[in-house]
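S.K.: the following comprises the amino acid sequence and a computationally predicted model.
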Amino acid sequence: MNHKQMSRWWLLLTMGLIVAVVVVACGGASQPEPAQQQQGGEKITIKLVENPWSSSQANVAVAKILIEKNLGYPVEIITLDENAQWPALASGELHASLEVWPSGHAENVKKYIDEQKAVENLGPLGPVGQIGWFMPSYMLEEHPELATWEGFKDPEIGKLFSTAETGDKGQFLAGDQSWVQYDADIIKNLGLPFEVVTAGSEEAILAALDSAYSRKDPLLFYFWTPHSIFAKYDLTMVELPPYSDECYAKAESGGVDCAYPADELFKIAWVGLKDAAPDVYQFLKNFNYTNQDQIEMMAAIELENKTPAEAAQQWVDAHKDVWEKWLP
């Protein structure tokens with residue numbers, strides 16, 4: 001090897017060693033950045049789903065306050081229908097939803113959690129919910145038979161609850177069309193002289209209840225616990241035939257003829273959240289409180305006219321002993 005060849009060989013060897021050192025120092029040229037960091041070291045924006053009811057609004061408002069203050073992630077709240085949230089979470093477009101009522105989402109759980117494994121069950125939220133048929137308790141003073149569904153079979157009772165829209169049939173007031181509701185099937189299958197009328201929203205149901213209550217008028221409507229209205233009105237839940245798995249197995253064919261099941265509310269998240277923001281993931285898994293905690297915030301929103309953010313901040317300020325345990 002002559003002098004020129006020797007110099008060229010040493011140059012190539014030196015360059016190779018420099019490249020190797022740089023690659024090792026950087027962790028390998030093909031190694032991706034940590035998913036929880038964007039360019040400039042900024043944390044990702046956590047996108048939480050808010051469903052169109054007050055307890056869901058309260059949940060995400062609490063989570064936003066604590067994630068931003070204690071974990072340092074920006075949080076964006078996205079209002080979305082409870083069914084539309086599943087594919088959005090599966091794709092990673094959104095990150096978590098904090099209040100799922102399982103009675104209405106068996107197919108979504110099967111598809112997105114069990115089969116696709118694109119959405120993860122983050123465990124119980126804490127509160128146990130119950131959807132049902134409610135009416136003002138003053139209706140029982142003259143019609144004690146209305147405590148159970150059999151009392152509604154009488155056509156004369158249907159006329160008692162009738163409106164200009166329903167004619168001789170009684171009005172059953174339902175909520176938002178996006179909600180999971182089987183009331184038309186239950187009414188048909190039990191042979192009750194009632195017709196479902198859609199109010200359009202939770203607020204519309206509450207306005208109708210307030211109006212009926214002020215005049216002691218009849219009203220039969222879809223609603224749920226926990227909710228702040230039970231602190232304001234004396235309401236009775238109508239006893240329907242008891243829930244069974246067999247009854248709800250007929251849901252797709254319109255065969256439901258029994259009560260809604262009690263719901264242990266749970267949280268869901270995009271499966272990639274565990275890697276993208278592990279501390280947020282652990283916080284949301286730990287996020288858990290009681291029916292009374294929810295009712296406290298819902299009452300602030302619905303009875304005191306506070307915004308969800310104001311109600312959540314009031315709860316956070318008063319319950320540090322609860323939420324500190326959620327922090328990773």
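M.R.: Received it, and whenever you're ready, just let me know what you need.

S.K.: any buried residues in the longest strand along the chain, and which?
M.R.: Taking DSSP state E as the criterion, the chain has its longest strand at strand 119-136. Using 16 or more other Cβ atoms under 10 Å as the test for burial, strand 119-136 gives 119-120, 122, 125-127, 129-136. For glycine as for every other residue, the C-beta is placed from the backbone atoms N, C-alpha and C.

S.K.: could you do stretch 234-246 as well?
M.R.: Leu235, Thr236, Met237, Val238, Leu240.

S.K.: what helices and strands are in contact with the host helix or strand of Lys64?
M.R.: Using DSSP states H and E, Lys64 maps to helix 54-66. Judged by 3 or more Cβ pairs under 8 Å, 6 or more residues apart in numbering; DSSP states H and E, helix 54-66 is in contact with strand 46-50, strand 75-79, strand 96-100, helix 278-286, helix 291-302, helix 308-318.

S.K.: hey, least reliable of these by pLDDT?
M.R.: Looking at the helices and strands packed on helix 54-66, the lowest mean pLDDT belongs to helix 291-302 (a mean of 91).

S.K.: who's in contact with that one?
M.R.: For helix 291-302, contacts defined as Cβ atoms under 8 Å, 6 or more residues apart in numbering pick out 54-55, 57-59, 62, 126-128, 206, 225-231, 306-308, 310-312, 314-315, 319, 322.

S.K.: show me what counts as buried in that helix.
M.R.: Asn291, Asp293, Gln294, Ile295, Glu296, Met297, Met298, Ala299, Ala300, Ile301, Glu302.

S.K.: kindly report the same for stretch 297-317.
M.R.: 297-302, 306, 308-309, 311-313, 315-316.

S.K.: which two in those are spaced the farthest apart?
M.R.: Glu302 and Val316 (18.7 Å; Cβ to Cβ).

S.K.: now the nearest residue to Leu146 once chain neighbours are set aside. Its backbone dihedrals?
M.R.: Excluding its sequence neighbours, the residue lying closest to Leu146 (Cβ to Cβ, 6 or more residues apart in numbering) is Met139, at 5.6 Å. Main-chain torsions, Met139, degrees, to the nearest 10: phi -70, psi -20.

S.K.: what residues are up against Met139?
M.R.: Leu146, Pro218, Thr236.

S.K.: tell me which entries of those lie within strands.
M.R.: Thr236.

S.K.: closest one to Gln171 out of the contacts of Met139, please.
M.R.: Pro218 (8.7 Å).

S.K.: which of the buried residues of stretch 297-317 sits closest to Ala249?
M.R.: For the buried residues of stretch 297-317, the nearest to Ala249 is Met298 (32.5 Å; Cβ to Cβ).

S.K.: and the residue nearest to the closest one when sequence neighbours are not counted, how many neighbours?
M.R.: Excluding its sequence neighbours, the residue lying closest to Met298 (Cβ to Cβ, 6+ apart) is Ser228, at 4.1 Å. For Ser228, the neighbour count with other Cβ atoms under 10 Å is 21.

S.K.: separation between Ser228 and Trp53?
M.R.: According to Cβ to Cβ, to the nearest Å, Ser228 and Trp53 sit 11 Å apart.

S.K.: give me the angle between the helix holding Lys64 and strand 46-50.
M.R.: Put simply, helix 54-66 runs at 160 degrees to strand 46-50, going by axes from the mean of the first three to the mean of the last three Cα atoms, to 10 degrees.

S.K.: using CSV, write out every CA atom in helix 54-66.
M.R.: C-alpha atoms of helix 54-66 as CSV (Å, rounded to 0.1, in the frame of the first residue of the first chain):
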residue,chain,number,x,y,z
SER,A,54,-73.9,17.5,32.7
SER,A,55,-72.1,14.7,34.5
SER,A,56,-69.9,14.1,31.5
GLN,A,57,-69.2,17.8,31.3
ALA,A,58,-68.2,17.8,34.9
ASN,A,59,-65.9,14.8,34.6
VAL,A,60,-63.8,16.2,31.8
ALA,A,61,-63.7,19.7,33.4
VAL,A,62,-62.1,18.1,36.5
ALA,A,63,-59.7,16.1,34.4
LYS,A,64,-58.7,19.1,32.4
ILE,A,65,-57.9,21.2,35.5
LEU,A,66,-55.8,18.5,37.1
